[in-house]
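S.K.: this one's sequence-less:
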């Protein structure tokens, strides 16, 4: 696996790069659609490749561990063979899902005990077992096991949680280095910076993570309810410390405006459930702003969802028809809206890359952020 930093913007910290993996190359900045349970919900693989033009997607360790289970995935030859996705894959560590099970889990120095949301069965994740699980799932990029702090959280809690994440990381690195991929292609480990919204903790964590000299680095614990200004401030602090020659992944972010602002701070990789989750509820992202397609105003609007849809995906459906499908609870509504939103997100990062390369990113970003936040 290899990362090449290609170009730096002159008016911001935005940059372009090329991430090379055994399952294909990824041009950065990049957005990664979330495929929680071995699928990007309501979207075919061919749509991901041909319409959305995704270069990498995510799988979720917690959910895949519970269903279909490691035995099935190993028999299939890993997640790539199981779901038919032959491009790069990334798996999170399950830390965020365990964090979200606040009343069903218990953390200790050894690991995290939790109760399955499916059948109430008891399970225990350690840094070592998570490395083994992610090796078995078979993603190209696997994430270290961490604790994602809630927002708000007290300083003492954030500090203790960061320390636990760092100690768990040392165990993750050791286990990762002791093991090999099961399926004959290279896997790499990304550690995760934590520290809540406390600048000194973020600095400590970024310095610790950078010292591990892993292939790439991630920033976690943001986009969990804190103000956007805090998210940007912590991202900037961390990006000033993390190595410039390694990819930077901001986990779980975010809105189109969040993504553009974070690219300007030096982030290379993003993921978020927002485009697909909001699509299922009728919220559509366009270059001119946000559309709630359920609103009555779209009932007789027979224009395309995006006026210039040729820029990212050619959908033959109009606003009135999509609104009709959504009101009728037709499954096709989720599919059309999800494809649209994901295609828009991929168009957005691709265009950001083009603007960085031609030297017009900063002014374009400032203009687009205002447009993207408008409600139409």
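M.R.: Perfect, thanks for sending it. None of these values were measured; they are calculated from a predicted model. Residues are numbered from 1 along each chain as shown.
S.K.: where does pLDDT dip in the stretch 251-376 of the chain?
M.R.: 308-315 (pLDDT under 70).
S.K.: and the strands in it?
M.R.: 269-271, 283-286, 289-292 (DSSP state E, counting those that start in this stretch).
S.K.: distance to residue 322 and mean neighbour count added to these, as CSV?
M.R.: (Glycine included, C-beta is placed from N, CA and C.) Putting the strands of the stretch 251-376 of the chain into CSV (distance: least, C-beta to C-beta, whole Å; neighbours: other C-beta atoms under 10 Å) gives the following:
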stretch, distance to residue 322, mean neighbour count
strand 269-271, 25, 23
strand 283-286, 8, 22
strand 289-292, 10, 18
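S.K.: show me the domain layout of this structure.
M.R.: 2-272, 280-372 (automatic domain parsing).
S.K.: pick out the residue nearest the middle of the chain.
M.R.: In the chain, the residue lying closest to the centroid (C-alpha atoms, centre = their mean) is residue 271, at 1.8 Å.
S.K.: what about the nearest residue to it once chain neighbours are set aside, neighbour count?
M.R.: Among residues not flanking residue 271 along the chain, residue 32 sits closest, at 4.3 Å (C-beta to C-beta, 6 or more residues apart in numbering). Other residues near residue 32 come to 24 when the count uses other C-beta atoms under 10 Å.
S.K.: same check on residue 306?
M.R.: Neighbourhood size, residue 306 [other C-beta under 10 Å]: 22.
S.K.: please name the nearest non-neighbouring residue to it.
M.R.: Closest residue to residue 306 apart from its sequence neighbours, by C-beta to C-beta, 6+ apart: residue 286 at 4.9 Å.
S.K.: who's in contact with that neighbour?
M.R.: Applying C-beta atoms under 8 Å, 6 or more residues apart in numbering, we find residue 286 in contact with 305-307, 344, 376.
S.K.: what about 10 Å?
M.R.: Residues in contact with residue 286 (C-beta atoms under 10 Å, 6 or more residues apart in numbering) are 256, 304-309, 312, 340-341, 344, 371-372, 374, 376.
S.K.: which residue ranges form the helices in the stretch 1-150 of the chain?
M.R.: Taking DSSP state H, counting those that start in this stretch as the test, the helices found in the stretch 1-150 of the chain are 45-50, 61-66, 70-76, 79-83, 95-100, 127-137.
S.K.: next: the stretch 251-376 of the chain.
M.R.: Assigned by DSSP H, counting those that start in this stretch, the stretch 251-376 of the chain shows helices spanning 256-264, 274-280, 319-327, 331-358, 361-372.
S.K.: could I get these as a markdown table with mean neighbour count?
M.R.: Formatted as a markdown table, the helices of the stretch 251-376 of the chain follow (neighbours: other C-beta atoms under 10 Å):
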| stretch | mean neighbour count |
| --- | --- |
| helix 256-264 | 24 |
| helix 274-280 | 21 |
| helix 319-327 | 19 |
| helix 331-358 | 21 |
| helix 361-372 | 16 |
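S.K.: can I get the ones you listed in TSV including distance to residue 197?
M.R.: Formatted as TSV, the helices of the stretch 251-376 of the chain follow (distance: least, C-beta to C-beta, whole Å):
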stretch	distance to residue 197
helix 256-264	15
helix 274-280	20
helix 319-327	36
helix 331-358	25
helix 361-372	22
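S.K.: nearest spatial neighbour of the residue in the chain sticking out farthest from the centre, skipping sequence neighbours?
M.R.: The C-alpha centroid of the chain is most remote from residue 300, which lies 35.7 Å away (C-alpha atoms, centre = their mean). Of all residues not flanking residue 300 in the chain, residue 320 sits nearest, at 5.9 Å (C-beta to C-beta, 6+ apart).
S.K.: now do the contacts for the one you found.
M.R.: 293, 298-303.
S.K.: next: residue 214.
M.R.: 144, 169, 172-173, 176, 188-191, 243, 246.
S.K.: try residue 127
M.R.: 93, 110-112, 144-146, 165, 167-176.
S.K.: same check on residue 224?
M.R.: Applying C-beta under 10 Å, 6+ apart, we find residue 224 in contact with 96, 99-100, 148-153, 196-197, 231, 252.
S.K.: as CSV, the strands of the stretch 251-376 of the chain with distance to residue 22 would be great.
M.R.: Shown next, in CSV, are the strands of the stretch 251-376 of the chain (distance: least, C-beta to C-beta, whole Å):
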stretch, distance to residue 22
strand 269-271, 18
strand 283-286, 32
strand 289-292, 38
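S.K.: of those, which approaches residue 130 most closely?
M.R.: strand 269-271 (18.1 Å; C-beta to C-beta).
S.K.: residues contacting that closest one, please?
M.R.: 17, 19, 26, 28-35, 56-58, 90, 92, 141, 190, 216, 218, 247-254, 258-259, 262-263, 345, 348-349.
S.K.: mind running it again at 6 Å?
M.R.: 30-32, 34, 58, 247, 249-250, 253, 259 (C-beta atoms under 6 Å, 6 or more residues apart in numbering).
S.K.: cool, and stretch 236-255?
M.R.: Under C-beta under 6 Å, 6+ apart, the answer for stretch 236-255 is 3, 5, 19, 193, 199, 202, 206-207, 210, 216-220, 223, 262, 265-270, 272.
S.K.: okay, buried residues for it please.
M.R.: 236-239, 241-242, 246-255 (16 or more other C-beta atoms under 10 Å).
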